[in-house]
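> Below are the sequence and a predicted model; questions follow.
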Amino acid sequence: MDSFYTSPELADALVGLATPRRRKLSIADFACGEGSLLLAAERRWPSASMIANDVSAASVAGLRKSRPKWRTACSDFLNPRSVLSSSLRKHLAGVDLVLLNPPFSRRTRQTFEVAAGDEVFHASIAMAFVVNSIPFLRPDGAILAVLPDGCLVSKHDEPVWRALRKQFKVEVIRDNARSAFQGVRARTCLVRMTKLSMPLPATEHVASPTALAIVRGCVQMHSRKVVSSRIGKPLIHTNHLQNGAVTSSGVYVVGAVLTGPALLFPRVGLVTPGKLCVLSKGRRVTLSDCVLGVACESETEVELLRKMVLADWPTFASAYRGTGAPYITLERASRVLCNISTDGRLLLTEASREAFT
Ligand SMILES: C[S@@+](CC[C@H](N)C(=O)[O-])C[C@H]1O[C@@H](n2cnc3c(N)ncnc32)[C@H](O)[C@@H]1O
């Protein structure tokens, strides 16, 4: 389990994302370590009351000495019994702001049982900290967390995010540099979760991973066989994805044909908003194996999907990973697009579909 503490700069950036509505704030970190996040909060709101919990007795003892006014607890936040038998119990439904940089490990794939709403999930350790924080929030409370990119797009956590997005507006604010933890930790991002005043009814979500037909091109650039325009279709490689449009390729190849309307984006390499391109209706192309395409039913749907992805760009970009050139897999693409398209801010609902047609 890692114990990478947050730098004061990153802690200040995280705390800077809060938009509190109350004067006298109650702020908690349930995996506080040496208290970096709460110290940043104290710099911003010196009169706020701080609640610090950690499983490490040494960390808690240190804070009791250095910050005698803080309320401290030493519980295992992944174990409800441990939490409920600690002084944290007093703070249930009383916290305005939860700050988290929870432990996460790339070595173990262990999951933890958590309950969100009426549902029970098996979540990653980082996600379990987020979910277990929810009962502590006031009705207008918020969570600010440093989370690993993997948590945003992992298979395990996908249903949990889906459930949380019914209760919270979830915003991925910034993709941190790897150097935030001196290269030793997975890539992370800052996530802001604000409670929605009216939870979204589950039945309104129409987009699902299976509803998105994502295809991967199969023409390898190094071994492509160029044919005449009578026999083949225009080959589309990543360099033909420019400023949101699919440019013409003078090269024709034989291979699987994708017919627009579709949304195209690179599978490998640096992804930028301009690389998210609309293939117009009726245009027929063949994709290189470095390009992915989402076939859509109408031009309205493809434009809407593009807008949704652009509005949640850091979430989409965080799905490109890898030690060398970043890449996205079909599975990750499907998951991240599904997460984005069921986001509370931009719902692809029957109602909004109608409004666009
Ligand atoms: C990544 S460090 C972050 C510490 C601090 N929040 C910060 O940002 O600097 C994670 C902390 O989680 C604590 N921790 C790990 N497992 C825990 C558990 N089950 N319950 C509570 N705290 C835990 C570790 O002791 C460690 O201090």
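Cool, got the structure. Numbers count the residues shown, from 1 in each chain.
> my guess is residue 93 meets residue 140, correct?
No. Shown here, residue 93 and residue 140 do not form a contact pair, counting by Cβ atoms under 8 Å, at 11.5 Å. Every residue, glycine included, has its C-beta placed from N, CA and C.
> what about the residue lying closest to residue 331 once chain neighbours are set aside, neighbour count?
Once flanking residues are discounted, residue 331 sits nearest to residue 155: 7.5 Å by Cβ to Cβ, 6 or more residues apart in numbering. Using other Cβ atoms under 10 Å, residue 155 has 9 other residues around it.
> before we move on, what SS does residue 155 have?
Following DSSP: H, G, I helix; E, B strand; the rest coil, the label given to residue 155 is coil.
> Who are the contact partners of the residue positioned nearest the centre of the chain?
The centre of the chain sits closest to residue 152, judged by Cα atoms, centre = their mean, with a distance of 3.5 Å. The contact partners of residue 152, by Cβ atoms under 8 Å, 6 or more residues apart in numbering, come to 161, 172, 189, 191, 315, 318, 319, 336, 339.
> I'd like the list of those residues that fall within strands, please.
Here DSSP state E is the test, and the contacts of residue 152 give 172, 189, 191 as lying in strands.
> Just the buried subset of the residues you listed, please.
With burial judged by 16 or more other Cβ atoms under 10 Å, the buried subset of these is 172, 189, 191.
> can you list the weak-confidence ranges in the stretch 1-150 of the chain?
Per-residue confidence of the stretch 1-150 of the chain (counting by pLDDT under 70) places the weak regions at 1-3, 105-108.
> What strand or helix carries the closest residue to the ligand within it?
Taking Cβ to the nearest ligand atom as the measure, the point where the stretch 1-150 of the chain comes nearest the ligand is residue 33, at 2.7 Å. With secondary structure defined by DSSP states H and E, residue 33 is part of neither a helix nor a strand.
> Can you report how many residues lie near it?
Based on other Cβ under 10 Å, the number of other residues close to residue 33 is 21.
> how close does the residue of the stretch 201-350 of the chain found nearest the ligand sit to residue 328?
When distances are taken as Cβ to the nearest ligand atom, the stretch 201-350 of the chain reaches nearest to the ligand at residue 318, 18.6 Å away. Distance, residue 318 to residue 328, by Cβ to Cβ, to the nearest Å: 10 Å.
> Pull up the overlap in contacts between those two.
When Cβ under 8 Å, 6+ apart defines a contact, the residues bordering residue 318 and residue 328 alike are residue 336.
> Residue 195 is in contact with residue 142, isn't it?
Yes. Checked against Cβ under 8 Å, the pair residue 195 and residue 142 is within contact range at 6.9 Å.
> so where's the longest strand in this structure?
In the chain, with assignment by DSSP E, the single longest strand is strand 137-148.
> Output the contacting helices and strands for it.
With contacts defined as 3 or more Cβ pairs under 8 Å, 6 or more residues apart in numbering; DSSP states H and E, the packing partners of strand 137-148 are helix 8-15, strand 95-100, helix 125-133, strand 188-195.
> can the third one be found next to the ligand?
Okay, so that is helix 125-133. No. Helix 125-133 stays clear of the ligand (Cβ under 6 Å from any ligand atom), getting no nearer than 7.6 Å.
> and the angle for that helix with strand 188-195?
On the basis of axes from the mean of the first three to the mean of the last three Cα atoms, to 10 degrees, helix 125-133 is oriented at 20 degrees to strand 188-195.
> And the second one, by the same measure?
Angle, strand 95-100 to strand 188-195, by the same axes, to 10 degrees: 160 degrees.
> Let me see the contact set for residue 249.
In this structure, residue 249 makes contact with 234, 235, 236, 237, 240, 285, judged by Cβ under 8 Å, 6+ apart.
> Please convert those to JSON lines, extending it with pLDDT.
Rendered in JSON lines, the data for the contacts of residue 249 read as follows (pLDDT from 0 to 100):
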{"residue": "234", "pLDDT": "95"}
{"residue": "235", "pLDDT": "96"}
{"residue": "236", "pLDDT": "96"}
{"residue": "237", "pLDDT": "96"}
{"residue": "240", "pLDDT": "96"}
{"residue": "285", "pLDDT": "94"}
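> Most neighbours among the residues you listed, please name it.
Looking at the contacts of residue 249 with neighbours defined as other Cβ under 10 Å, the largest count falls to residue 236 at 28 neighbours.
> wait, it sits on residue 285?
Yes. Applying Cβ under 8 Å, one finds residue 236 in contact with residue 285, separated by 4.7 Å.
> Between the two, which contacts overlap?
Once Cβ under 8 Å, 6+ apart is applied, the residues that residue 236 and residue 285 both contact turn out to be 246, 249, 279.
> where does the stretch 251-357 of the chain dip in pLDDT?
Ranges of the stretch 251-357 of the chain meeting pLDDT under 70: 323, 342-357.
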